[in-house]
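J.: next comes the sequence, and after it the predicted model I'd like to discuss.
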Amino acid sequence: MAKKGFIGEFKDFISRGNAMDMAVGVIIGGAFSGIVTSLTEDIISPILGLFGGINFDRLSVNILGEVTLNYGKFITAIVNFLIMALIIFFIMKAVNTLEAQAARLARLGNEQEAPAPTTKICPFCKSEIPIDATRCAHCTSELEQS
Ligand SMILES: [Zn+2]
């Protein structure tokens, strides 16, 4: 009974589509993290080393014999995080801009789909006539300007 409930819940979870989105996100995130790590370790760190003579990864302090604090690696991790956060910030900004543009285009589309009416229905013969007609072309009844 409990097992069936669990499987049912799991099926709901999978079929909702969120699980697939999440899996794609995790896979892309993992690959993305690799790119950012490589960017800092293989490109930014060597450039910093060129100008400052520092290799962050090798920065460490010996505290007790063999025990070292590899604070350089910690700095690299923080730089990785900041770069990742910056890139995600730009992506979110671009997505927000695109969404705003899409919303504006959708609004414009709706306005074009529903233009102001140019005709009205004659109250006497129920025929369609121009909106500013003062006399019906079909039944010749005089009309009040609306
Ligand atoms: Zn009429």
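T.: Yep, that arrived. Residues are numbered from 1 along each chain as shown.
J.: the helix or strand containing residue 74: what's the following helix or strand?
T.: Residue 74 is part of helix 71-113, with elements assigned from DSSP states H and E. Remark: after helix 71-113, the chain's next helix or strand is strand 119-121, criterion DSSP H and E.
J.: does the ion sit close to that following strand?
T.: No. No part of strand 119-121 sits near the ion under the criterion C-beta under 5 Å from the ion; the closest distance found is 8.8 Å. C-betas here are computed from N, CA, C, even on glycine.
J.: sheet-wise, list the partners of the next helix or strand after that strand with their directions.
T.: Counting by DSSP H and E, the element after strand 119-121 in chain order, helix or strand, is strand 128-130. Taking DSSP bridges as the criterion, strand 128-130 pairs within the sheet with strand 119-121 (antiparallel).
J.: buried residues, the strand it pairs with. List them.
T.: Neighbour counts using 16 or more other C-beta atoms under 10 Å place residue 120 of strand 119-121 among the buried residues.
J.: count the residues that sit near residue 72.
T.: 17 (other C-beta atoms under 10 Å).
J.: please report how far it lies from residue 46.
T.: In this structure, residue 72 and residue 46 are separated by 14 Å, where distance is defined by C-beta to C-beta, to the nearest Å.
J.: cool, and residue 99?
T.: The spacing between residue 99 and residue 46, counted by C-beta to C-beta, is 38 Å.
J.: next one: residue 71
T.: In this structure, residue 71 and residue 46 are separated by 19 Å, where distance is defined by C-beta to C-beta.
J.: pull the distance from the least confident helix or strand in the chain by mean pLDDT to the chain's centre.
T.: Taking mean pLDDT, DSSP states H and E as the measure, the helix or strand of the chain with the lowest value is helix 45-52, at a mean of 70. What separates the centre of helix 45-52 from the centre of its chain is 35 Å, taken as C-alpha atoms, centre = their mean, to the nearest Å.
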